[in-house]
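Asker: Sharing a model that was predicted from the sequence below.
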Amino acid sequence: MQPEITRITILVDNQAETGLIAEHGFALWIETASRRILFDTGQGTACEKNGRILGVDLATTDTLVLSHGHNDHTGGVSRCLSLASQAELFCHPGAVLPRYSLRNNMAKSLQMPRDAMLAIDKLPAKRVHWVQQALLLTESIGLTGPIPRETDFENTGGPFFLDSKGQRPDPMDDDLALWIRTKQGLIVCVGCAHAGLVNTLRHVQRLNQGLRIRAVIGGFHLLNADESGLAQTIAALRLVAPEQIIPCHCTGERAVSQLCQAFPKECCPGKAGKTYIF
């Protein structure tokens, strides 16, 4: 019997291989024997265009997972759902809330685009799954649901609010991760890890009876982390000891550099066009 193969391709990232579109956003294409999963959709048109170049047929998507509701992860939702006529959507109900970042007293909307929300609203109820707790997609693929915030050195990663005046901090309750169980350990996919990368990995392990982390891929949102927070994140990662650490999107150049120094064999930054086979 052949071992099951998981293939993960980065469709959208801030960096891209030659010939592909780089876009501030994130999306993964995950293929297993039983599933074709689109994990986030990027911000604009890169998801579809890069997919076409890479030979990824988004029309075959059977599962669309949104890690959270920010527009750089949900901008392609409408187009992807129009292509994938049978895809089922999984996200937290908070993903559709209005949300903002606030810098220098200037508010910027980060909300899911209106066309994405309209596309979701038009889906038959049986194809929409509002994820408010951990659940299984298959026997070996699961979603974390809301992630407990336990560390004292991690936060949401930015000045995020539920109102344009900055009076209601956004706890990012909709942040979730996807995990895949293999014989060699867990593969963890994160969008931005707004719940905290370490919180996320520990929660995934609890959901899987302490199984080791084989790989973690996605945006780690450490670009605003201070030196103490980065050091504690690295120390915690040493204990988790993933075989592969693949920082993308919002991890930040300084954090990526320190991760590569701390984990010279394990850490290899991702970019659109890279494919990983497990």
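Answerer: Perfect, thanks for sending it.

Asker: Point me to the residue sitting closest to the centre of this protein.
Answerer: In the chain, the centroid-proximal residue (Cα atoms, centre = their mean) is Gly191; its distance is 1.7 Å.

Asker: Quick check: the gap between that one and Leu176.
Answerer: 8 Å (Cβ to Cβ, to the nearest Å). In this view, the C-beta of every residue, glycine as well, is placed from N, C-alpha and C.

Asker: Please apply the same query to Gln232.
Answerer: 23 Å.

Asker: Please name the residues that touch Cys80.
Answerer: Going by Cβ atoms under 8 Å, 6 or more residues apart in numbering, Cys80 touches 38, 41, 47-48, 58, 61, 64, 87.

Asker: where does it land in three-state SS?
Answerer: Here Cys80 is helix, with the state taken from DSSP: H, G, I helix; E, B strand; the rest coil.

Asker: coming back round to it: residue contacts, the residue nearest to the centre of the chain?
Answerer: Contacts were defined as Cβ under 8 Å, 6+ apart; by that measure Gly191 touches 26, 39-40, 66-68, 73, 175, 177, 218-219, 249.

Asker: 7 Å - rerun?
Answerer: Taking Cβ atoms under 7 Å, 6 or more residues apart in numbering, we find Gly191 in contact with 26, 40, 67-68, 73, 218-219.

Asker: When Gln232 and Leu176 are compared, which one has more neighbours?
Answerer: More crowded of Gln232 and Leu176, by other Cβ atoms under 10 Å: Leu176, with 28 against 17.

Asker: Chain neighbours aside, what residue packs nearest to Met172?
Answerer: Using Cβ to Cβ, 6 or more residues apart in numbering and skipping the chain neighbours, the partner closest in space to Met172 is His194 (4.0 Å).

Asker: who does Gly142 bridge with?
Answerer: For Gly142, the beta-bridge partners are Leu136, Trp179 (DSSP bridges).

Asker: Local confidence estimate at it?
Answerer: Gly142 is assigned 98 on the pLDDT scale.

Asker: Could you pull up the residues touching it?
Answerer: Gly142 is in contact with 134-136, 179, 207, counting by Cβ under 7 Å, 6+ apart.

Asker: how about the strands in the stretch 101-250 of the chain?
Answerer: Taking DSSP state E, counting those that start in this stretch, the strands of the stretch 101-250 of the chain run over residues 106-109, 128-130, 135-136, 141-143, 160-161, 177-182, 185-190, 213-219, 244-248.

Asker: Tell me which of those sits nearest to Glu227.
Answerer: strand 244-248 (17.2 Å; Cβ to Cβ).

Asker: after the closest one, next one along is what?
Answerer: helix 253-262 (DSSP states H and E).

Asker: Describe which strands the helix or strand following that next one pairs with in its sheet and in which direction.
Answerer: Using DSSP H and E, the helix or strand that follows helix 253-262 in sequence is strand 275-277. Note on strand 275-277: by DSSP bridges, its sheet partners are strand 7-12 (antiparallel).
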